[in-house]
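Trainee: Sequence first, then the predicted structure:
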Amino acid sequence: MATQTLLRSETLREIEKTHAIDQPPLMERAGNAAAKLALKLQAGLSGPPLILAGPGNNGGDALVAARVLKACGLDPVVVFLGHADKLPIDARMAWERWSTAGNCRSDIPARSYGLVVDGLFGIGLARSLTEPWLSLIARINAYRGPVLAIDCPSGLNADTGTLNPVAVRATHTITFISHKPGLLTLDGPDHCGEVTVADIGLADEVNAQQTAGFINNPALFAASLLPRQRNTHKGTYGSAAIIGGAPTMAGAALLAGRAALMLGAGRVFIGMLERIAVDHGQPELMLKSPAEAMTLATAIGIGPGLAQSDEAANLLRRSIETVLPLVIDADALNLLAAHPVLARQIARRSAATLLTPHPAEAARLLGGSVETVQADRIASALELAQRFHACVVLKGCGSIIATPEGRWFINTTGNAGLATAGSGDVLTGFCVALLAQGWTVKAAALGATWLHGTAADRLVDDGEGSIGIAAGELIAPARRVFNRLCVTSA
Ligand SMILES: NC(=O)C1=CN([C@@H]2O[C@H](COP(=O)(O)OP(=O)(O)OC[C@H]3O[C@@H](n4cnc5c(N)ncnc54)[C@H](O)[C@@H]3O)[C@@H](O)[C@H]2O)[C@@H](O)CC1
Ligand SMILES: [K+]
C-alpha cells in the first residue's frame, strides 16, 4: 500500500508559489480534474449541475470546471459570489473565460439540480463565516443529492479539521496537490465524503517535503510484521504487564490484558490493585500484585482502571523508573498531569514511553482546555511528544500519532463504534503486546492504532457495528488481521 503524504496549507502555498508560472497553470489542472470527477458524478442525474464559485482561487477552480463541463455538453448553472475585479489573477482569468461561455448568477435559481459543486472556499478560509455564507451552506446541506467539494468542503479548516463554525457536508471531495490533514481528523471525515487526491502534476514536489505527515498504513510498520519461527517459546514474545484495576474498575485491566494476550504477548501479567485471583473468562491471564507483575514484565502498560490513589501514583513512579518500554494511559495520564515531578521523570527515561491520551487527558497534560487541544490536534500531539520526549497517540476521530522527533501521522481506520467504554483499554493492551514482542515504540503506536481501527471496520463490514460494539469484540478481528498481515508480509 502506498503511503500518502499530508501537507498543511503553509507548505501547499510554498509549492503553489514555486509553480506559479507553470504551464498549463495549476488552476487549469485543478479545474479540469474537478470537472472530470464532476462528469462522473453527474452521469444519469436529471437537472443541470449547480456550481457555486466563491471570491478566491477556490472559486477560480470552480469556474474552470464549469467551462470544461460546458465544453463537454452540459449546461451548468453557475452562481458566482465574489467581485470579478477583486479576484486573484488566475481566478480572474477563469472568470473571464467562463463569461465568454456562459453567465454567472448571484443567487441560486429555484429549480432542481443534479450535482452541486462547492467552490466557495478552500485553503484560504481565514476567519469565521458570517452571512450570507452561513445560509448558503445551510442550503447546500439541505440538498439530498451528491455534493462535490473542491479542495475541501467550504467552512472546514483543511489543516485542523475544525469548523468555522459550519461547513458543507459533501458526498465527495477532490483535493489538490496532496491529501490534507484537516480532511482526516476531527470534523473532516464527517464533511468530506469520499476523498480523491489529484496531484495536478506535483507528486515529486510533494514527496520532497520535509514537514510532511503521513496517513498511517501497514507499510509504515512492515519491518515489524514477521511470521513466527517454529523454534521459539513464550519467552521469545515477551511478558506484558498491565498495571491497573482498582476496586470497581477491574474490568479495564482485564480487557487490556486480554487484548495484549491475543495480539501475541508471550505471557500477560495483570498487576491488579483490586486483589482478585483469576479472570474466569480468560484464565491464561496471570493475576499478580502490581509489584510482582512489574518485576516479571518486559513491557508495561499502566492506567486502565488505575484510579488516582496514592498507591496508584506510587506505582506510576515505579513504572517510570523501570528501563522497560512503557505505555501510559487513562488515570496514569491524569496522575502525570497532577504530579509535575513524575511528568519531568518521563522526559528523562532511557526506555521508550508511549502516551495514549484522549483529548481531555491531553488537555490536562498540557494545562489547557479540550477546545485548545482540538483546535489543532496535530500541534497538540507534537507538543506532548516533545514535552515528554515520548511517542503520543492522541485519540479521537482521526487519531494523531506523533513522535518526539516531530514526525506525525493520522490514522484513518476505525469508526464511531470505537466511542465506547473500554475501547482505550484494548488499545493499551495492543500497544503493550507489540512492545513486548520487540517492536519499536513508533511501530507499536502505528501498528496498534491501525489494528484497533481496522478491527472496528471489520465489525462494521460484518454488520456488527458501528452501533453497539463492545470493546472486547475488537480483540478477535484485530488478531485475525494481524495474523494475516504477518503472513502476507513475509
Ligand atoms: N494558488 C494556486 O496556485 C492554486 C490554488 N488552488 C485553489 O485555490 C484555493 C486557495 O485559494 P485562495 O487562497 O484564493 O483562497 P480561497 O479561495 O479558499 O478563499 C479566499 C477568499 O475568501 C475570502 N475569505 C476568507 N475567509 C472568509 C470568510 N470567513 N468570510 C468571507 N470571505 C472569506 C478571502 O478574502 C478571499 O477572497 C485552494 O483551496 C484551491 O482550491 C488550486 O487552483 C491549485 C492552485
Ligand atoms: K470548497
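Mentor: Sure thing, it's come through. Ligands and ions are numbered 1, 2, ... in the order given.
Trainee: Contact residues of the stretch 1-150 of the chain facing ligand 1?
Mentor: Residues of the stretch 1-150 of the chain lying near ligand 1 by C-beta under 6 Å from any ligand atom: 16, 26-27, 30, 54-59, 61, 88, 121-129, 133, 150. To be clear about C-beta, it is placed using only N, CA and C from the backbone, and glycine gets the same treatment.
Trainee: Run through those residues and flag the ones next to ligand 2.
Mentor: Residues of these in contact with ligand 2 (C-beta under 5 Å from the ion): Ile150.
Trainee: I'd like to know which of the residues of the stretch 1-150 of the chain next to ligand 1 are buried.
Mentor: The neighbour count (16 or more other C-beta atoms under 10 Å) marks 16, 26-27, 30, 54-59, 61, 121-125, 129, 133, 150 as buried among these.
Trainee: hmm, back to that, can you flag which of the residues of the stretch 1-150 of the chain next to ligand 1 belong to helices?
Mentor: Counted as lying in helices by DSSP state H, out of those, are 16, 26-27, 30, 57-59, 61, 133.
Trainee: Tabulate the CA atom coordinates of the helix or strand containing Glu311 in CSV.
Mentor: Using DSSP states H and E, Glu311 sits in helix 310-321. Only the C-alpha atoms of helix 310-321 are listed here, as CSV (Å, rounded to 0.1, in the frame of the first residue of the first chain):
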residue,chain,number,x,y,z
ASP,A,310,-1.5,7.4,46.5
GLU,A,311,-0.9,3.7,45.7
ALA,A,312,-1.6,4.4,42.0
ALA,A,313,0.8,7.4,42.0
ASN,A,314,3.5,5.3,43.6
LEU,A,315,3.0,2.5,41.0
LEU,A,316,3.3,5.1,38.2
ARG,A,317,6.5,6.4,39.7
ARG,A,318,7.9,2.9,39.9
SER,A,319,6.9,2.0,36.4
ILE,A,320,8.5,5.2,35.1
GLU,A,321,11.7,4.3,36.9
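Trainee: so what does that helix touch, helix or strand wise?
Mentor: Here helix 310-321 touches helix 290-296, strand 299-302, strand 326-328, helix 330-338, helix 340-347, going by 3 or more C-beta pairs under 8 Å, 6 or more residues apart in numbering; DSSP states H and E.
Trainee: between that helix and helix 340-347, how big is the angle?
Mentor: Using axes from the mean of the first three to the mean of the last three C-alpha atoms, to 10 degrees, the direction of helix 310-321 lies 20 degrees away from that of helix 340-347.
Trainee: Could you list the buried residues of helix 310-321?
Mentor: Buried residues in helix 310-321 (16+ other C-beta under 10 Å): 312-313, 315-316, 319-320.
Trainee: Helix 330-338 and that helix, what's the angle between them?
Mentor: 80 degrees.
Trainee: who touches helix 310-321?
Mentor: 243, 246, 271, 273, 290-291, 294, 300, 302, 306, 326, 328, 331-332, 335-336, 339, 342, 345-346, 349 (C-beta atoms under 8 Å, 6 or more residues apart in numbering).
Trainee: One more pass at 6 Å, please.
Mentor: Contacts with helix 310-321, where a contact means C-beta atoms under 6 Å, 6 or more residues apart in numbering, come from 243, 290, 300, 302, 306, 326, 332, 335, 342, 345.
Trainee: Looking at these, which two lie furthest apart in space?
Mentor: Pro290 and Gln345 (17.9 Å; C-beta to C-beta).
Trainee: Compare these two (neighbour count), which wins?
Mentor: More crowded of Pro290 and Gln345, by other C-beta atoms under 10 Å: Pro290, with 27 against 17.
Trainee: Domain ranges for the chain, per the record?
Mentor: The chain resolves into domains spanning 5-214, 218-488 when parsed by automatic domain parsing.
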